[in-house]
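> coords below, sequence missing:
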């Protein structure tokens, strides 16, 4: 374990735990979502400030940092990627996700409406169906009800592996997911990339309540950004795809971490 990891572990140890049974009771009915980009070094200081202001970290299986494996699906022509690139207001993403610690596996459909609101629906699937959700017959109902694209037009595109920290404030009016160690593998081109020490933070808050976390992030000069792991990953690993809109996002990440992102 390197020095920076020990420092992150120390910061996490200072955060009191919250457990899944308490998380299930947190309902953010008037939710506002915003994303932020920073580095692992700054994250340690953010966690220290969060601990001093009563935030708690989700603990599962005795750990406060969990591993995720996610596989995004798309059509042969990458319709969902291009809908995002072309600024189509109504769009969706389809993915399978494994919570590595527990082995639980889900099919998830995220849909954004023309008011900018995102709704996510999911169903648990067999772990063996992670790489082809159609292998689990239970997915047919969810796809038929929630997806604008038929299941038989979809196949795996981008796999993302990362570690996640989840924080909750004392009042239980906001939830924060913090993704680190992002690695990307394009299942169609075979190319791989890493976001190195970039950290993607997503703040989900009750729109009627003040956010202490926004103040903490501002103190550390961490500003809101619009960034999609799927779109960034495809842009980095597929030279043939139309991606001009996302290339400035990649330059922004490189400027933040002061490193050049590369693929193999």
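Arrived safely. This structure is a prediction, so every number in the text was calculated from the model and none was measured. Numbering: from 1, shown residues only.

> can you list contacts of the lengthiest helix in the chain?
Looking across the chain with DSSP state H, the single longest helix is helix 40-52. Under the criterion Cβ atoms under 8 Å, 6 or more residues apart in numbering, residues 4, 7-8, 11-12, 14-16, 38, 165, 167, 176, 178, 180, 197, 199, 213, 216-217, 219-220, 222 lie in contact with helix 40-52. (Glycine included, C-beta is placed from N, CA and C.)

> Stretch 121-136 now?
Stretch 121-136 has contacts (Cβ under 8 Å, 6+ apart) with 69, 71, 73, 96, 98, 103-109, 111, 138-139, 141-142, 145-146, 151-152, 156.

> Give me the subset of those residues lying in helices.
Using DSSP H, those in helices are 139, 141-142, 145-146.

> quick one on the thing from earlier: just the buried ones from the contacts of stretch 121-136?
If you count burial by 16 or more other Cβ atoms under 10 Å, the buried members of these come out as 69, 71, 73, 96, 98, 105-109, 111, 139, 142, 146, 151, 156.

> quick one, strands of the stretch 101-250 of the chain?
In the stretch 101-250 of the chain, strands defined by DSSP state E, counting those that start in this stretch lie at 104-112, 118-125, 155-168, 174-186, 192-194, 198-206, 224-225, listed in chain order.

> Between those strands, which one is closest to residue 259.
With Cβ to Cβ, the closest approach to residue 259 among the strands of the stretch 101-250 of the chain belongs to strand 198-206: 8.8 Å.

> which residues sit against the closest one?
Applying Cβ under 8 Å, 6+ apart, the contact partners of strand 198-206 are 28-40, 42-43, 173-180, 182, 211, 213-214, 217, 222, 227, 229, 253, 256-257.

> could you redo the last one with a cut-off of 7 Å?
With Cβ atoms under 7 Å, 6 or more residues apart in numbering as the contact definition, strand 198-206 has outside contacts at 28, 30-40, 43, 173-180, 182, 211, 213, 227, 229, 253, 256-257.

> from what I can see residue 35 touches residue 225, true?
Yes. Using Cβ atoms under 7 Å, residue 35 makes contact with residue 225 at a distance of 5.8 Å.

> What is the distance between stretch 97-115 and the centre of its chain?
Offset of stretch 97-115 from its chain centre (Cα atoms, centre = their mean, to the nearest Å): 10 Å.

> What average pLDDT does that stretch get?
For stretch 97-115, mean pLDDT is 93.

> can you check stretch 183-203 too?
When pLDDT is averaged over stretch 183-203, the result is 97.

> Check stretch 138-153 too.
The model assigns stretch 138-153 a mean pLDDT of 96.

> likewise stretch 158-166?
For stretch 158-166, the mean pLDDT works out to 97.

> which residues are in contact with it?
12, 57-58, 64-72, 175-187, 229-230, 233-234.

> out of those residues, which are buried?
12, 57-58, 64-66, 68-72, 175-182, 184-187, 229-230, 233-234.

> Format the strands of the stretch 101-250 of the chain as a markdown table; extra columns: distance to residue 88.
Shown next, in a markdown table, are the strands of the stretch 101-250 of the chain (distance: least, Cβ to Cβ, whole Å):
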| stretch | distance to residue 88 |
| --- | --- |
| strand 104-112 | 9 |
| strand 118-125 | 14 |
| strand 155-168 | 18 |
| strand 174-186 | 22 |
| strand 192-194 | 25 |
| strand 198-206 | 21 |
| strand 224-225 | 20 |
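
> remind me which residues of the stretch 1-150 of the chain are low pLDDT?
For the stretch 1-150 of the chain, the stretches with pLDDT under 70 are 1-6, 25-31.

> Please repeat the previous calculation with a cut-off of 50.
Low-confidence segments of the stretch 1-150 of the chain, defined by pLDDT under 50: 1-3, 29.
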